[in-house]
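[1] build me a model:
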Amino acid sequence: MNKFIDEEKNMLENDPEIRDPSLRRKPSFLDKLLWKRWYKGATLTSLAVTIPAVLASTLTACTPKVDEQQQKAYKNYLSAWGEYQTAVSTYDKLETPDKPSLPSNLVIANDLDEKATTEQLNQKTTTLQNATTEINQLCEALKNNETQKVAYQSYLSAWETYANAVAEYEALENAEKPALPANLVISKVLTEKSTTKELNDESEKIKNATAEINKLIKQYEQETPAPPNPPIDYDKLTPADLTEEQKNTIVTKVTTALKANIDKTFSSIEYDVVAMEFYVNESSQGVARILFNYTTSLGEFYEMRDYPMNCELNYKNLLTSELAAADKYAGDKVFQVNMVNSDSRAEEALKKLKDDNQVTYSDLTNVTTISIGSSGIDPTLGCGATYLNINRVDRNKIISIRLRVKSDGNTKDMISENLINGTLGKTYRVVEKFEYEFGENVILLGEMFKEDDSNEVLDVFEHEGQTYAIIRNRYTELKKTIEEPESY
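    Below is the predicted model of the structure:
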């Protein structure tokens with residue numbers, strides 16, 4: 001405060017313009033700012049300058065920001081072009097049968113570069129964005145169209161199944177059977193023009209009704225007298241024509257005829273229908289070919305044997321005659337496969353042989369093993385080599401391959417180095433191989449022959465505590481191949 005009083009006294013004594021207003025000069029703008037800062041303790045603030053509108057537009061036209069706007073427009077153009085290409089690619093990949101070619105107004109060329117004007121880039125960007133929207137709408141419409149077609153086919157399938165169930169219910173002659181409940185009576189009301197949702201909803205309704213009708217059929221069919229069976233034309237029977245009862249009869253007759261003579265576990269039974277010469281010892285006989293799974297002190301084996309029967313194994317005899325083995329002790333061994341596994345890489349090793357065209361097989365439930373034999377000098381390979389046996393039993397085929405695999409002093413892991421990663425004829429060779437494909441008339445038993453969609457017909461049932469699977473697979477003839485490959 002004292003400082004302020006002293007400064008004021010000094011100004012009154014030394015500055016004449018303060019004592020005489022006529023001598024006082026007009027303070028400058030800077031004086032005011034300095035006074036304000038000194039007297040009020042304020043800080044200098046930025047100066048707000050008002051520029052006339054005409055001058056402002058002139059300055060804007062001269063600003064260098066035009067280049068930045070053009071660059072931004074070019075980036076937007078590139079982004080729009082990328083989205084457009086994605087939309088076109090999606091449209092091209094649609095596999096809808098009635099998809100038209102892309103309309104010409106939606107086919108756009110990438111003809112601008114970074115030197116194009118901002119206006120050109122903006123216009124082309126807008127065109128691309130509009131085209132992209134239209135293409136995406138076309139894609140969605142065609143996708144919906146395809147979905148609707150699938151829904152309509154599902155609806156037709158559900159309706160056909162429902163109609164068959166209704167017909168089966170109506171055919172029941174049970175006196176206590178009521179009329180079909182009203183809530184299960186459904187009309188066919190939808191067409192191919194119905195919406196996807198309508199078709200899906202109706203299909204679900206029809207499926208539920210069909211399930212309820214099938215429950216009613218099971219409830220009342222037990223009291224319905226079965227129609228008399230027409231005479232069977234055995235000469236025209238095919239595996240696909242066999243009823244469940246007939247299949248059960250065949251299993252019963254073959255197993256009854258043979259099981260008393262065999263103290264092993266059945267894995268499959270194969271029988272002839274045409275009595276081909278391959279099977280037959282005498283023209284009046286057929287052969288039952290049996291695959292066994294048994295265990296000895298040396299390990300587990302699969303063995304297949306032929307059992308001549310007392311009659312030809314045609315459908316008539318299999319379904320009506322008393323079958324028996326022609327000789328209690330008969331049974332010629334077809335082959336025996338040792339299933340003792342010495343290494344867990346059996347499947348990998350077999351695949352190598354398949355890749356080298358040494359064996360063919362399908363990828364089905366199987367048992368595959370490797371067993372290792374003796375070693376010695378192999379003249380063909382020109383080095384020390386070890387015998388290696390690879391055996392496989394699956395539902396369609398039996399494979400047994402004997403190899404010689406290089407195992408000299410430099411070998412650390414002969415299976416990996418010289419077989420799986422080896423070269424045919426240089427680090428390993430095939431000495432002997434045996435392949436057997438099951439025929440059309442085969443009954444496969446056991447857990448290793450599990451259900452698989454690759455077979456046309458599969459029937460699983462139980463008989464005397466044993467689970468059986470009768471399979472009519474895609475092999476229509478029996479093939480047996482034992483060959484000695486050419487030396488390499």
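[2] is the closest residue to Cys383 other than its chain neighbours in a helix, a strand, or coil?
    Counting by CB to CB, 6 or more residues apart in numbering, the nearest residue to Cys383 once its immediate chain neighbours are dropped is Asp408, at 4.7 Å. C-beta: built from backbone N, CA, C; applies to glycine. For Asp408, the assignment made with DSSP: H, G, I helix; E, B strand; the rest coil gives coil.
[3] quick one, phi/psi of Asp408?
    When read as degrees, to the nearest 10, the backbone of Asp408 gives phi -80, psi -170.
[4] Ser374 versus that one, what's the distance?
    As judged by CB to CB, to the nearest Å, Asp408 and Ser374 stand 15 Å apart.
[5] rewinding a little: count of neighbours near the residue nearest to Cys383?
    By the measure other CB atoms under 10 Å, the count of residues near Asp408 is 16.
[6] what does Ser342 give?
    14.
[7] list the contacts for the nearest residue to it once chain neighbours are set aside?
    Among residues not flanking Ser342 along the chain, Ile372 sits closest, at 4.7 Å (CB to CB, 6+ apart). Taking CB atoms under 8 Å, 6 or more residues apart in numbering, we find Ile372 in contact with 342-343, 386-389.
[8] name the element the closest residue to Thr195 other than its chain neighbours belongs to?
    Spatial nearest neighbour of Thr195, chain neighbours left out: Gln148 (7.0 Å); criterion: CB to CB, 6+ apart. Element membership for Gln148 (DSSP states H and E) is helix 118-171.
[9] how big is the angle separating the next helix or strand along the chain from that helix from helix 118-171?
    Next along the chain after helix 118-171, taking DSSP H and E as the criterion, comes helix 196-221. With axes from the mean of the first three to the mean of the last three CA atoms, to 10 degrees as the basis, helix 196-221 and helix 118-171 are set at 20 degrees to each other.
[10] buried ones in helix 196-221, by neighbour count?
    Going by neighbour count (16 or more other CB atoms under 10 Å), the buried part of helix 196-221 is 196, 198-200, 202-203, 206, 209-210, 213, 216-217, 220-221.
[11] what of stretch 424-437?
    In stretch 424-437, counting by 16+ other CB under 10 Å, buried: 424, 427-431, 433-437.
[12] OK, contacts around Glu204?
    For Glu204, no contacting residues are found, by CB under 8 Å, 6+ apart.
[13] wait, doesn't the residue nearest to Cys383 sit right on Gly384?
    Yes - the criterion here is CB atoms under 8 Å, and Asp408 meets it with Gly384 at 4.3 Å.
[14] list residues touching both of the two?
    Counting by CB under 8 Å, 6+ apart, Asp408 and Gly384 have no shared contacts at all.
[15] what is the helix holding Gln148 packed up against?
    On a contact count with 3 or more CB pairs under 8 Å, 6 or more residues apart in numbering; DSSP states H and E, helix 118-171 meets helix 66-93, helix 196-221.
[16] relative to Thr161, which of those helices is closest?
    Between Thr161 and those, the tightest spacing by CB to CB is seen for helix 196-221, at 5.6 Å.
[17] tell me the first helix or strand C-terminal of that closest one.
    Past helix 196-221, the next helix or strand by DSSP H and E is helix 244-259.
[18] need the contact list for the nearest residue to Asp332 once chain neighbours are set aside.
    Nearest residue to Asp332, sequence neighbours excluded (CB to CB, 6+ apart): Asp306, at 4.7 Å. Asp306 sits next to 279, 287-289, 331-332, 334 when contact means CB under 8 Å, 6+ apart.
[19] and the pLDDT at the residue nearest to Ser342?
    Confidence at Ile372, expressed as pLDDT, is 91.
[20] give the buried residues for the helix or strand harbouring it.
    Under the criterion of DSSP H and E, Ile372 resides in strand 366-378. For strand 366-378, burial by neighbour count (16+ other CB under 10 Å) applies to 366-372, 378.
[21] same check, this time on stretch 346-355
    For stretch 346-355, burial by neighbour count (16+ other CB under 10 Å) applies to 346, 349-353.
[22] before we move on, what about stretch 158-169?
    Across stretch 158-169, burial judged by 16+ other CB under 10 Å covers 158-159, 162, 165-166, 169.
[23] biggest separation within those residues, which pair?
    Pairwise over the buried residues of stretch 158-169, using CB to CB, the maximum falls at Ala158 and Tyr169, 16.5 Å.
[24] circling back: contacting residues around the residue nearest to Thr195?
    Counted by CB under 8 Å, 6+ apart, Gln148 has contacts 194-196, 199.
[25] Tyr91: which of those is nearest?
    Comparing the contacts of Gln148 against Tyr91 with CB to CB places Thr196 closest, at 20.5 Å.
[26] is that closest one in contact with Lys149, as I believe?
    No - applying CB under 8 Å, one finds Thr196 not in contact with Lys149, separated by 9.1 Å.
[27] what about Ile420, how many neighbours?
    Ile420, neighbours per other CB under 10 Å, totals 17.
[28] ok, Gly409 to Leu172 distance?
    Counting by CB to CB, the gap from Gly409 to Leu172 is 80 Å.
[29] these two: which is more packed in?
    Just comparing Gly409 and Leu172: by other CB under 10 Å the higher neighbour count belongs to Leu172, 17 against 6.
[30] next one: Arg305 from Ala325, what distance?
    Look at Arg305 and Ala325: by CB to CB, they are 11 Å apart.
[31] find residues that contact each of those two.
    What both Arg305 and Ala325 touch, as defined by CB under 8 Å, 6+ apart, is the set Gly331.
[32] ok, the closest residue to Thr90 other than its chain neighbours - contacts?
    Leaving out its chain neighbours, the residue that sits closest to Thr90 by CB to CB, 6+ apart is Cys139, at 5.4 Å. By CB under 8 Å, 6+ apart, Cys139 lies in contact with 87, 90-91, 94.
[33] ChimeraX command for the buried members of the residues you listed?
    This is how ChimeraX selects the buried members of those, with burial counted by 16+ other CB under 10 Å:
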select :87,91
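[34] helices and strands of this protein: which one has the lowest mean pLDDT?
    Ranked by mean pLDDT, DSSP states H and E, the weakest helix or strand in the chain is strand 479-483, scoring a mean of 35.
[35] pLDDT weak spots in the stretch 51-200 of the chain?
    The stretch 51-200 of the chain contains residues with pLDDT under 70 at 51-66, 95-98, 143-144.
[36] can we see that at 80?
    51-66, 93-99, 140-147, 175, 193 (pLDDT under 80).
[37] and for the stretch 351-488 of the chain?
    Looking at the stretch 351-488 of the chain by pLDDT under 80, you get 362-366, 395, 439-488.
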